[in-house]
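Trainee: Sequence plus the predicted model coming up.
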Amino acid sequence: MTQGSQPPAGALAGVRVLDMSRVLAGPWCGQILADLGAEVIKVERPGCGDDTRGWGPPYLKDAQGNETHESAYYLSANRGKKSVTLDIATAAGQEIARRLAAQSDVLIENYKAGDLTRYNLGYEQLRPLNPGLVYCSITGFGQTGPMRNVAGYDFIIQAIGGLMSVTGQADERPGGEPLRVGVAVADLSTGMYATVAILAALFHRARTGEGQYIDMALLDTQVSMIANMNMNYLISGRAPRRIGNAHANIVPYQVFDAADGKVVLAVESGSGDSIVTRGLKTEQADQARLLIHKRTRAGRPVTPKSTDKPREAQRPNPSVNGPKPPDVSAPSADAVAAAAARLAILNRDRLNEADLLRKLADLHRAGVLTDIEFEEKIALVGRLVSGETLVIS
């Protein structure tokens with residue numbers, strides 16, 4: 001680049017985003033849009049700003065080495081933005097926010113469902129001012145459904161959305177318990193899904209001149225993120241379980257012990273053991289071949305040899321100590337009902353599937369269906385995908 005020249009403008013140069021969100025999912029979306037060249041104006045509360053400004057240590061240090069009030073957490077999700085403080089509880093603050101929205105292309109918010117309407121800043125209130133506005137609302141459980149008014153946090157969504165039921169060691173192994181992912185993946189993925197939806201809405205506006213309202217929910221995103229685990233369940237009827245670093249469909253795809261530490265083998269099934277064992281010592285190669293052989297016969301991952309010591313204390317025996325406590329990481333009936341309600345709204349051509357999910361959740365909550373019966377019958381919903389008619393007895 002020659003001296004004095006300017007870097008090329010980003011793809012979203014000229015797009016203005018009013019970011020009225022806080023913490024992570026919304027700010028992450030706004031940061032991605034800023035990275036793509038958009039002008040992002042972040043609205044914060046007077047006095048304290050975004051909650052995450054105080055989520056430290058660590059805090060950024062100034063030129064003299066003194067800690068500032070900028071936490072690393074806050075900086076990780078608010079790169080490239082401008083910032084303004086507004087008290088939208090006041091008429092003056094609301095008027096400034098409305099003027100900003102009238103001159104913006106995108107508005108992002110993550111207040112409680114419908115909460116901004118109290119401040120004359122809801123989508124229907126702003127649309128007359130700016131018909132081309134793309135308005136994105138991010139909540140835990142969406143603007144509709146039985147859990148619309150419930151606050152949603154990443155940890156909670158990972159638990160009831162099913163992610164923690166497939167993350168971590170199996171119950172019978174050392175350390176076996178529900179485990180959250182090390183970063184807030186429900187928040188981050190929702191921010192990315194929101195970004196995709198906003199870009200699609202901007203493309204729609206370029207063709208029609210019309211803005212759009214985007215209803216983005218952490219639970220919706222988490223359910224979709226289970227991906228192949230979802231489909232494994234719908235097709236097989238077997239709920240996936242925690243299997244540590246192993247893979248539900250591919251072997252070997254896990255950690256092996258080596259003389260100088262640990263080694264990860266990730267090989268596509270069907271590639272042949274010659275690829276797997278190439279470069280391995282005889283004992284390691286034999287172990288890998290054995291895993292492939294067992295996987296082919298059993299149709300599931302097999303745990304390799306481990307240096308882990310057996311547990312000193314075993315889990316209580318349900319037959320002796322009463323019923324086993326529920327797995328807090330498994331999708332709850334309430335979560336299923338909420339997802340079903342969202343399915344009815346987002347997939348209007350598949351209302352029968354949504355109605356069935358809701359009915360099963362109601363029966364489970366009422367005690368008509370046991371946990372096992374609930375799991376069995378909910379698995380049958382997958383047959384609806386192929387058009388099969390189901391009768392719930």
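Mentor: Happy to help now that I have it.
Trainee: Now name the helix or strand holding Met213.
Mentor: Rather than Met, residue 213 is Tyr. Under the criterion of DSSP states H and E, Tyr213 resides in strand 212-217.
Trainee: what element comes up after that strand heading to the C-terminus?
Mentor: Using DSSP H and E, the helix or strand that directly follows strand 212-217 along the chain is helix 218-225.
Trainee: in that following helix, what counts as buried?
Mentor: 218-223, 225 (16 or more other C-beta atoms under 10 Å). Every residue, glycine included, has its C-beta placed from N, CA and C.
Trainee: what angle separates that helix from strand 212-217?
Mentor: 80 degrees (axes from the mean of the first three to the mean of the last three C-alpha atoms, to 10 degrees).
Trainee: contact partners of helix 218-225?
Mentor: 25, 138-142, 147, 152, 154, 157-158, 160-163, 185-187, 189-190, 193, 230, 335, 338-339, 342, 346 (C-beta atoms under 8 Å, 6 or more residues apart in numbering).
Trainee: now do 6 Å
Mentor: Contact with helix 218-225 is made by 140-141, 152, 157, 161, 186, 189-190, 193, 339, 342, as judged by C-beta atoms under 6 Å, 6 or more residues apart in numbering.
Trainee: And for stretch 191-201?
Mentor: With C-beta under 6 Å, 6+ apart, stretch 191-201 has contacts from 25, 28-29, 32, 106, 134, 136, 138, 212, 214, 216, 221.
Trainee: what about stretch 208-226, average pLDDT?
Mentor: For stretch 208-226, mean pLDDT is 95.
Trainee: Relative to the whole chain's centre, how far out is that stretch?
Mentor: Stretch 208-226 has its C-alpha centroid displaced from the chain centroid by 12 Å (C-alpha atoms, centre = their mean, to the nearest Å).
Trainee: Pull the CA coordinates from that stretch and hand them back as CSV.
Mentor: In CSV, the C-alpha atoms belonging to stretch 208-226 read as follows (Å, rounded to 0.1, in the frame of the first residue of the first chain):
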residue,chain,number,x,y,z
THR,A,208,-37.9,-4.6,-2.8
GLY,A,209,-37.1,-1.5,-0.7
GLU,A,210,-38.8,-3.2,2.3
GLY,A,211,-37.2,-3.8,5.7
GLN,A,212,-37.9,-6.9,7.8
TYR,A,213,-38.3,-8.0,11.4
ILE,A,214,-36.0,-10.8,12.6
ASP,A,215,-37.0,-12.9,15.6
MET,A,216,-33.8,-14.6,16.7
ALA,A,217,-33.8,-17.0,19.8
LEU,A,218,-30.9,-18.7,21.6
LEU,A,219,-33.0,-21.9,22.0
ASP,A,220,-33.8,-22.0,18.3
THR,A,221,-30.1,-21.7,17.5
GLN,A,222,-29.1,-24.3,20.1
VAL,A,223,-31.6,-26.9,18.8
SER,A,224,-30.3,-26.4,15.2
MET,A,225,-26.7,-26.7,16.4
ILE,A,226,-27.2,-30.2,17.6
